[in-house]
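**Q** take this sequence and fold it.
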Amino acid sequence: MANTPSTPPGHGPVPRSVLLTGASGGVGTVAARALADHGFRVFAGVRDPGAYRPPSPQVVPVALDVTDPDAVATAAATVAERTGGALYAVVNNAGVLVQGPLELVPAAELHRQFAVNVYGPALVTQAFLPLLRRGHGRLVNVSAPTARVPAPFFGPIGASKAALQAMSHALRVELAHWGIPVVILEPGAMRTEIFRRAAEAQEQAASSLSEGQTELYAAQLAAIGTAAAAMKAAPPDIMAAAILRSLTAARPRARYTVGPDTRLIGLLSRLPLRTQDRLISGVLGLDKVAPAQGSAK
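**A** Residues are numbered from 1 along each chain as shown. Predicted coordinates for the structure are as follows:
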């Protein structure tokens, strides 16, 4: 293949190299193993390589904090040296989830949401594009359904993923000149630690609120908690399979939706906004919460 480094005399084929950010947990762990099993050499972007256990000899840990420009530049130089300057793919998988009523989300948490989910992929893309250009590679960005249909109390994650999707759409046309496909992966709810960590961060943020602030959204959050408990999350394996599909397709799609709940998002995104609001409120049980006194609702 044109994007496979040349084979030194007397050696076997050189595997195609992929940078995978956020490789140390959740989808990243499963994806790194799946890509390695398929024959890719995976440069696993992790914050602490010393604490990371590669699932395969084909997985090479690389120190990478996507929010640190110097760390990203160093990682790009390391990967360039190990690959001869050519890379088959970058998968921007690293992400965090900040949830809760927007009114009560701390400024530091909002900054963290965008630092990891938006600025991080932008920094990684800028640093690794020369390697992708030389390797005739492709760029894969992991988004979320809330980018298209934002959900109440998930405004920060929805806004960050909407920004990532907008950036991806722009890049798809900008990089078409070099034949570099840009792919958006849109997974639904997955059985990973990201939701537990998000809930813990929300609880920690709530500990600094006054009793009056806590009571403002107590009923709505209780309704959403009940609805969320009844929802079924998909195993991360299906997301790993989607990443693999986006890397092995001769002509990858511009967007892959992953998981059964993403079909509903596709339907909702075509409806009028007020209709979306009513349906989302019904699904989350918010329509059963009594309006606040004096509300114009």
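
**Q** and the closest residue in space to Gly137 that isn't next to it in sequence, what does it touch?
**A** With sequence-adjacent residues excluded and distances taken as Cβ to Cβ, 6 or more residues apart in numbering, Gly137 is closest to Tyr88, at 4.8 Å. Using the backbone N, CA and C atoms, a C-beta is placed for each residue, glycine as well. When contacts are counted by Cβ atoms under 8 Å, 6 or more residues apart in numbering, Tyr88 touches 3-4, 16-18, 40, 135, 137-138, 247.

**Q** which residues in the stretch 51-200 of the chain form helices?
**A** 69-83, 107-114, 120-135, 155-174, 194-206 (DSSP state H, counting those that start in this stretch).

**Q** would you convert those helices into TSV that also reports distance to Gly50, mean neighbour count and mean pLDDT?
**A** Shown next, in TSV, are the helices of the stretch 51-200 of the chain (distance: least, Cβ to Cβ, whole Å; neighbours: other Cβ atoms under 10 Å; pLDDT from 0 to 100):
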stretch	distance to Gly50	mean neighbour count	mean pLDDT
helix 69-83	15	16	98
helix 107-114	23	15	95
helix 120-135	21	21	98
helix 155-174	29	19	97
helix 194-206	21	15	64
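
**Q** could I get these as TSV with distance to Leu221?
**A** Shown next, in TSV, are these (distance: least, Cβ to Cβ, whole Å):
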stretch	distance to Leu221
helix 69-83	36
helix 107-114	16
helix 120-135	28
helix 155-174	14
helix 194-206	9
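
**Q** tell me where the model's unsure across the stretch 1-150 of the chain.
**A** For the stretch 1-150 of the chain, the stretches flagged by pLDDT under 70 are 1-14.

**Q** circling back: can you tell me which of the helices of the stretch 51-200 of the chain comes nearest to Thr275?
**A** Checking those against Thr275 by Cβ to Cβ gives helix 155-174 as the closest, at 18.0 Å.

**Q** next one: that closest one to chain centre, how far?
**A** 11 Å (Cα atoms, centre = their mean, to the nearest Å).

**Q** over to stretch 238-245?
**A** So, by Cα atoms, centre = their mean, the centroid of stretch 238-245 is 13 Å from its chain's centroid.

**Q** and that stretch, average pLDDT?
**A** Mean per-residue pLDDT for stretch 238-245: 96.

**Q** buried ones in that stretch, by neighbour count?
**A** Of the residues in stretch 238-245, 238-240, 242-244 count as buried by neighbour count, 16 or more other Cβ atoms under 10 Å.

**Q** so what's the residue count around Thr248?
**A** Residues contacting Thr248 under the criterion other Cβ atoms under 10 Å number 13.

**Q** same question, the one 4 residues further on
**A** Other residues within reach of Pro252 by the criterion other Cβ under 10 Å amount to 17.

**Q** swap in Lys232?
**A** Neighbours of Lys232 under the rule other Cβ under 10 Å: 10.

**Q** same question for the one 3 residues further on.
**A** Applying other Cβ under 10 Å, we find 12 other residues in the vicinity of Pro235.

**Q** pretty sure it contacts Gly188?
**A** No: applying Cβ atoms under 8 Å, one finds Pro235 not in contact with Gly188, separated by 11.6 Å.

**Q** can you name the residues bridging to the residue most central in space within the chain?
**A** For the chain, the residue nearest the mean C-alpha position is Val142 (3.8 Å; Cα atoms, centre = their mean). Counting by DSSP bridges, Val142 forms beta bridges with Leu185.
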